[in-house]
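**Student:** Quick check, what structure comes out for this input:
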Amino acid sequence: MLARLGNKPARVLIWIALAAVVAPAGATAAQTPPSQSIGWQDEVRAMLGRRAAAVLAQDEKTYSSTMAAAPAAFKRNRLSWLRRMRVLPIGVYRLDFTGDEFGEVTRAADRAHYPGKEIHVIQVKERIGFRGYDVRPQAEDLFLTVEKTASGWSVVSDTDAQDLALQSERELWDFGPVDKLEAGGVMVIFHPALRSAAETVLSMSVASRAKVKSLWPIPWHDDRIVVMIPTTVEELARIIQTTFDLSTFVAFAASSVDRSIGGWTLTGPRVFLHWPNFRRQNRSLQKIILQHEFTHRASFEVSGPFVEAFNDEGIAQYYGEQEYTPSVPDLRLRVRAHRFSEHLPPDYLFSAGPPDDIYLAYEEAVDFVAYIAGRFGRAAGARLYRAIGAENHISAGTWRYHLDHACRTLFHSSFDVLERGWARTVIKELS
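**Tutor:** Okay, the predicted model is just below:
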């Protein structure tokens, strides 16, 4: 089974509005409580700037100096991470502490853990861009604990916020040495023990990328692809930070959501293989899986925050799997058992629940794309996807409102009418 995560991971952003405190008439500056750390944010930003520059330069001495107060085990772990990156074409590396989103999440318990120290637990955007592949770097979260020392600020941990379900990003090279292979606009990153398999994946990926370019109806401009092969499902789950059972799935296309450039932009796209499952498929099915994921990759250029999972998976199957064959056994069983809901599935049904329900969700999604293609032309599903992605991301309205608006604009029909027409066709053809 195939899946796409629009944001890696899907996070809940908590926005906190702080009321302004206005001093009473006649109050003086002396009445304002003194701050223990005026300007600490700028000092920390300067330290993070040195740390990021050291990563790009592979300057271990400077990188280590930004962890002067850290435990020895943390330093060793991060230095191993830095050394493993040497084989990769890192063109961009930044650590941006803006105070947006979560900003600072320091609690009394954190201060108690570092008695007598001035510490802050902060959210930092780690931006990593591969030279020649990423037009815009990925933007993922680190939750760093920084401590003030006599010589300046030091990173001392990146796990103190885990009990808040705020995990720092992990990359493939966090789990061991990596290597890369490149050809035809594709880079495959893997652990050295998988070199032989990576060579096969690379050749299939080059062919699958070319196939998707011919099948996806919308011009695909940023068509470089990065494929990563975690060895175990545990590595995969930690990298993409999933909370659902991965045993049903074989691959994922993922990207960051960067709100600092244009409000809502997908950046740093990656394709991840669930290797224990992917390797068990025959060569023909592996190619179809790659085409499915690369169709997701192509669609990232025209995606948006109101795109639902049935839009995502429907287009990936219809266009990515070469030629859609209307084989929907689970849907047929539901119709004949009078258990067909006559509605397209909500997002959660594409990842949670029994495998049969997940398979059904995929079948319903692709069948709907086939239905509108039959009425409005082969490109209808892609055009609808692009129209939903173009909806104003700051405008009012639920995803259903924006979907309906896109349907009316393109097809002069509400989504409700299209969904009912599809349901009647399903019942008629599969009863």
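**Student:** Look at W264 and report its pLDDT.
**Tutor:** On pLDDT, W264 comes in at 83.
**Student:** Just the strands from the stretch 51-200 of the chain, written as ranges.
**Tutor:** 90-96, 119-130, 138-149, 152-157, 179-183, 186-190 (DSSP state E, counting those that start in this stretch).
**Student:** Pick the most buried one from those.
**Tutor:** Neighbour counts (mean count of other Cβ atoms under 10 Å) averaged over each of the strands of the stretch 51-200 of the chain peak at strand 186-190, with a mean of 24. From N, CA and C alone the C-beta is placed, and that goes for glycine too.
**Student:** give the contact list for E235.
**Tutor:** 172, 175 (Cβ atoms under 8 Å, 6 or more residues apart in numbering).
**Student:** Tell me the pLDDT of it.
**Tutor:** Value listed for E235 in the pLDDT field: 97.
**Student:** quick one: stretch 216-236 to chain centroid distance?
**Tutor:** Here stretch 216-236 shows a centroid-to-chain-centroid distance of 11 Å under the convention Cα atoms, centre = their mean, to the nearest Å.
**Student:** Now render the strands of the stretch 51-200 of the chain as TSV, adding mean pLDDT and distance to R420.
**Tutor:** Formatted as TSV, those follow (pLDDT from 0 to 100; distance: least, Cβ to Cβ, whole Å):
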stretch	mean pLDDT	distance to R420
strand 90-96	98	47
strand 119-130	98	44
strand 138-149	97	40
strand 152-157	98	54
strand 179-183	98	48
strand 186-190	98	42
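**Student:** of all these, which lies closest to S395?
**Tutor:** Closest of the strands of the stretch 51-200 of the chain to S395 is strand 138-149, at 23.3 Å (criterion: Cβ to Cβ).
**Student:** So what are the sheet partners of the closest one and their directions?
**Tutor:** If you go by DSSP bridges, strand 138-149 pairs up with strand 119-130 (antiparallel), strand 152-157 (antiparallel).
**Student:** just how off-centre is that strand within its chain?
**Tutor:** Distance, centroid of strand 138-149 to centroid of chain: 19 Å (Cα atoms, centre = their mean).
**Student:** before we move on, what about stretch 177-192?
**Tutor:** 20 Å.
**Student:** Need the pLDDT of Y359.
**Tutor:** 94.
**Student:** ok so it is a strand residue?
**Tutor:** No - read with DSSP: H, G, I helix; E, B strand; the rest coil, Y359 is helix and lies in no strand.
**Student:** For it, which non-adjacent residue is closest in space?
**Tutor:** D330 (4.9 Å; Cβ to Cβ, 6 or more residues apart in numbering).
**Student:** tell me the phi and psi of the one you found?
**Tutor:** Backbone torsions of D330, given as degrees, to the nearest 10, read phi -70, psi -40.
**Student:** That one reaches E363, doesn't it?
**Tutor:** Yes - using Cβ atoms under 8 Å, D330 and E363 qualify as a contacting pair, with a distance of 5.5 Å.
**Student:** neighbour-wise, which of these two wins?
**Tutor:** E363 (23 against 17; other Cβ atoms under 10 Å).
**Student:** Show the secondary-structure elements that the helix or strand that contains the more buried one is packed against.
**Tutor:** Taking DSSP states H and E as the criterion, E363 maps to helix 355-376. Where contact means 3 or more Cβ pairs under 8 Å, 6 or more residues apart in numbering; DSSP states H and E, helix 355-376 is packed against helix 309-320, helix 329-336, helix 380-389, helix 399-411, helix 415-430.
**Student:** make it 7 Å
**Tutor:** If contacts are counted by 3 or more Cβ pairs under 7 Å, 6 or more residues apart in numbering; DSSP states H and E, helix 355-376 sits against helix 309-320, helix 329-336, helix 380-389, helix 415-430.
**Student:** what residues does it touch?
**Tutor:** Identification of contacts with helix 355-376 by Cβ atoms under 7 Å, 6 or more residues apart in numbering yields 1, 248, 310, 313-315, 317-318, 324, 326, 328, 330-331, 334, 344-345, 349-350, 380-381, 384, 411, 418, 422, 425-426.
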